[in-house]
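>>> I'll drop the sequence and a predicted model, then ask my questions.
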Amino acid sequence: MVQFSYFHLMPHPYLEQAPAWPVAHKLFDPVRASKDYQEYIDQMALADELGFDWVGCNEHHYTPYGLMSNPALIGAALTQRTRRCRIGMLGALLPLNNPVRVAEEYAMLDVMSGGRLMAGLIRGIPNEYIAYGVDPSESWERFEEALDLVIRAWTEPEPFGWEGKHYQFRTVSIWPRPLQQPHPPLLMSGGSSESAAFAARKRAMIGVVQLTTLEQARENFDIYRATARELGWEPPRSHMLVGMHTHVARTDAEARATLGEAEDYFYRVLSSASQHANELVVHGSRYYSTEAARQRRITNRAAHRHLTIDDRIERGTVLCGSPDTVVRQIQQTVKELGVGVIQTGFKIGALPNEKVVESMQLFGREVLPHVRDL
């Protein structure tokens, strides 16, 4: 059975041209954003009603790309607006935050939601380290230490001390503790080969998003599976997630035109400042442990600027078309990648909210019933 996640970036789509990094907050319109937050949460609540299995959000800083500097705030709202779906925190940027605080907030969300939390613990894209003044070269070692601390905070029944390289706590004893035992399911990024292998070592779920080719995802899933097998376990399909921008309309031509315009704005305007900052960090630090990983990141990100909507559809990296077409695209994605979770993103760039809702409704009523049992 394939599960479907409804992911929301919560963008601020009102800039007319690509801004410089860091994006001056004088460009932020709080009146429009106040209305948008309400509409975005309404869309996430609608996803639950339409039958999506997860509803998810994540963490970004200093950018119109996504207005979730603290995804736990959105997660808390979702515990009150949803009843059935998993709440996917995809997720807190662990090396940039106090790991005990993350453990506490996630435990609260798990208890408040009745045990529906999917605990995404993410290293973060490079420019986030500039925003929070953390050395990107320490990213991996901070991430691993913080992850171990979070898991121990969830599972250790007695107070304990922690004396690590990056984190020191005389006493840790979080309240509340998670409802799901021993702890909520873990999800990590699989955007690079090293991330994929790390997730397998931690027996976590893996997510691969913002693809330029399906081959990129296939390689990382293969590394994940191979690493897991070396360690004596076999990842089920439900442990592998692929993320795809999504738009469903009555005709292929209408869907292509609408998503094409939205994708252009997303990559040309909303993502441009973060992309520039990412490149500066990647060139100037040891954020990636190998030169091959560094170059792959630069190449993949740069490629997004030059791909048309027809390129993306042909490469199979978006879900775009009529309901029948999108059903076929999902069938092909599952066949080629062997994944058990498809993460959909419907609010792309400046795509109007009414079109987002129309697309969601078509997907829920005319796509989901035909792809559940793949």
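Looks like it came in fine.
>>> got the contact list for V341?
V2, Q3, F4, S5, D53, W54, M205, G207, S238, M240, L241, V242 (Cβ atoms under 8 Å, 6 or more residues apart in numbering). Where you see a C-beta, it was placed from the backbone N, CA and C, and this is true even at glycine.
>>> which residue is the nearest non-sequential neighbour of S272?
A18 (3.8 Å; Cβ to Cβ, 6 or more residues apart in numbering).
>>> doesn't the one you found belong to a strand?
No - under DSSP: H, G, I helix; E, B strand; the rest coil, A18 sits outside any strand and is assigned coil.
>>> contact partners for it?
R268, V269, S272, A273.
>>> cool, and T155?
The contact partners of T155, by Cβ under 8 Å, 6+ apart, come to P182, H183.
>>> do you know the pLDDT at it?
pLDDT recorded at T155 is 98.
>>> can you give me phi and psi for it?
Backbone torsions for T155, taken as degrees, to the nearest 10, come to phi -110, psi -20.
>>> one more: P176?
phi -80, psi 180.
>>> G345 now?
Backbone torsions for G345, taken as degrees, to the nearest 10, come to phi -120, psi 110.
>>> same question, A119
phi -90, psi 90.
>>> contacting residues for it?
Neighbouring residues of A119 by Cβ under 8 Å, 6+ apart: M89, G91, Y106, D110, H183, P184, P185, L186, L187.
>>> what sits opposite it in the beta ladder?
Bridge pairing for A119 (DSSP bridges) gives the partners M89, L186.
>>> that one and M360, how far apart?
25 Å (Cβ to Cβ, to the nearest Å).
>>> kindly report the same for V102.
Distance, V102 to M360, by Cβ to Cβ: 30 Å.
>>> ok so, going back, dump the contacts of A119 to TSV, plus pLDDT and neighbour count.
Output for those, formatted as TSV (pLDDT from 0 to 100; neighbours: other Cβ atoms under 10 Å):
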residue	pLDDT	neighbour count
M89	95	29
G91	88	27
Y106	98	27
D110	98	26
H183	98	21
P184	98	24
P185	97	15
L186	98	20
L187	97	26
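>>> just put those residues in a markdown table and tack on distance to A226.
As requested, those are exported to a markdown table (distance: Cβ to Cβ, whole Å):
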| residue | distance to A226 |
| --- | --- |
| M89 | 28 |
| G91 | 25 |
| Y106 | 30 |
| D110 | 31 |
| H183 | 26 |
| P184 | 26 |
| P185 | 22 |
| L186 | 19 |
| L187 | 20 |
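>>> for V55, pull up the helix or strand it's in.
Element membership for V55, per DSSP states H and E: strand 54-57.
>>> from the contact counts, what lies against that strand?
strand 3-7, helix 30-50, helix 71-81, strand 86-93, strand 117-122, strand 341-345 (3 or more Cβ pairs under 8 Å, 6 or more residues apart in numbering; DSSP states H and E).
>>> nearest to L374, out of the ones you listed?
Nearest of these to L374, taken as Cβ to Cβ: strand 341-345 at 9.6 Å.
>>> each with direction, which strands does that closest one pair with?
Sheet neighbours of strand 341-345, with direction, are listed as strand 3-7 (parallel), strand 240-248 (parallel) (DSSP bridges).
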